[in-house]
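# sequence first, predicted coordinates after that:
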Amino acid sequence: MADPLHSPHRPVSNGAQHLRVATFNVSLFGKQPGTIITRVNDASNQQVRHIIAALAEANPDVVLINELDFDPAGEAANALARRLSLALPDQAPFTAQAFPSNTGIPTGLDVLGKGRKPTPENAFGFGEFPGQYGFALLSRFPVTSTRSFQHFLWRDMPGARLPDQQRKSGKGDFFAPAVLEVFRLSSKNHVDAVIDVPTLGPLHLLLSHPTPPVFDGPEQRNRRRNHDEIRLWADYLRDADYLVDDAGQRGGLPPDSAPFIILGDLNADPDRGDSEDQAIAQLLHHPRVVDPEPRGAHGTRTADFRHQSMRVDYVLPCRSLSVHGSGVAWFAKDDPRARWNSASDHHLVWVDVLIP
């Protein structure tokens, strides 16, 4: 088996290897459970072929795949890992780990006060069925442990920006008390997945996909939730005592812990769009984080939405890691690879860090 740190496409500098870490929102979601498994296994599916081509071109050692429907057996994630491994036959293969998502899981309550219909809006995270729009990690290194915050309640975050029944009242009373008793902060999941990298050791990968700060009303519940989902990681890096994971362990990531990298479609641009002011600045300006500002054909922008392009996808290493390069796989129109741009409305983002 090939050594993942000795890729023929990975540069070597002064005896140090490069670890390439990426995130890619692939927009592989279906209307019904299981349809994505069929699509990923379909060798003729053009979207999947373009996704695999873009992934193989970037050749990451680790990549977070956003918007891949979750299935309990991990079939979709495993199929994607197999196809990517086959596209890079001379290199170490990928294994996959899919993570449960709050999307589509019914609360059983009338979240929006419009009646107790089993609608996507009344789920813990917007979704037609449990696991829609989930995420998975593809890695050439073993995942040695995970912490998740899927069940953490929004109300339990001190100073949470809970939505108001009357805009800007500051009461945080949009949700009924019964809803606040159960409503989770994470629209999908927040996961700290630790991988074991040769010569480096443990590396924490902080994975999430906060809700878009749109598709709500004057109460701005999604905009506020997006802010606080991003804030969870900022507080995790401050080792906040209020945080309790799904196993009951309290606290975050102490300053003397192993290195980390934040990954995901965070649905917040530093300057554009509808996110709360300073939402993504909570991470970009965090004292433990460095922003490599990856660039592609459209600068730092990573997603092409209907009305504008924005930077919403991030790979943010800790300051103790040395960044050697970065990029956005958004190719210019005259580039032969530009046909891969249509694989998703997002583009793969990668960062290289040096491993001694």
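Nice, I can see it.
# Thr144 against Val194, yeah?
Yes - at 5.1 Å, Thr144 counts as touching Val194 under the criterion of Cβ atoms under 8 Å. (Glycine included, C-beta is placed from N, CA and C.)
# which residues do these two both contact?
Both Thr144 and Val194 are contacted by Pro202, under the criterion Cβ atoms under 8 Å, 6 or more residues apart in numbering.
# which of the two has more neighbours?
Shown here are Thr144 and Val194; by other Cβ atoms under 10 Å, Val194 has more neighbours (19 against 11).
# contacting residues around the more buried one?
143-146, 202-205, 258.
# nearest residue to it other than its sequence neighbours?
Ser145 (4.7 Å; Cβ to Cβ, 6 or more residues apart in numbering).
# in the strand or helix carrying the one you found, what's buried?
Using DSSP states H and E, Ser145 maps to strand 143-148. Within strand 143-148, the residues scored as buried using 16 or more other Cβ atoms under 10 Å are 143, 146-148.
# likewise for stretch 284-292?
Neighbour counts using 16+ other Cβ under 10 Å place 284, 286, 288-292 of stretch 284-292 among the buried residues.
# just those now: which is nearest Ile51?
Ile51 lies nearest to Pro292 out of the buried residues of stretch 284-292, by Cβ to Cβ, at 23.1 Å.
# list the contacts of the closest one.
Pro292 neighbours (Cβ under 8 Å, 6+ apart): 315-317, 323, 326, 351.
# do that again at 6 Å, thanks
Shown in contact with Pro292 (Cβ atoms under 6 Å, 6 or more residues apart in numbering): 323, 326, 351.
# ok, now how distant is the last one from Leu316?
When you say that, I think you mean Val351. Using Cβ to Cβ, to the nearest Å, we find Val351 at a distance of 8 Å from Leu316.
# give me the contacts around stretch 349-356.
16-23, 58, 60, 199-200, 292, 294, 302, 313, 315, 317, 321-328.
# oh sorry, the question was meant for stretch 262-278
Outside stretch 262-278, the residues touching it (Cβ under 6 Å, 6+ apart) are 23, 25, 64, 66, 205-210, 212-214, 223, 226-227, 230, 233, 279-280, 310-316.
# what does stretch 156-171 give?
Contacting residues not belonging to stretch 156-171 are listed as 154, 172-174, 218-221, 224, 227-228, 242 [Cβ under 6 Å, 6+ apart].
# hmm, which of these are the buried ones?
Counted by 16+ other Cβ under 10 Å, those give 154, 172, 174, 219-221, 224, 227-228 as buried.
# these into JSON lines, with extra columns for pLDDT and distance to Thr35?
Shown next, in JSON lines, are these (pLDDT from 0 to 100; distance: Cβ to Cβ, whole Å):
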{"residue": "Trp154", "pLDDT": "98", "distance to Thr35": "30"}
{"residue": "Gly172", "pLDDT": "94", "distance to Thr35": "38"}
{"residue": "Phe174", "pLDDT": "96", "distance to Thr35": "34"}
{"residue": "Glu219", "pLDDT": "94", "distance to Thr35": "33"}
{"residue": "Gln220", "pLDDT": "94", "distance to Thr35": "32"}
{"residue": "Arg221", "pLDDT": "96", "distance to Thr35": "29"}
{"residue": "Arg224", "pLDDT": "97", "distance to Thr35": "32"}
{"residue": "His227", "pLDDT": "98", "distance to Thr35": "32"}
{"residue": "Asp228", "pLDDT": "98", "distance to Thr35": "32"}
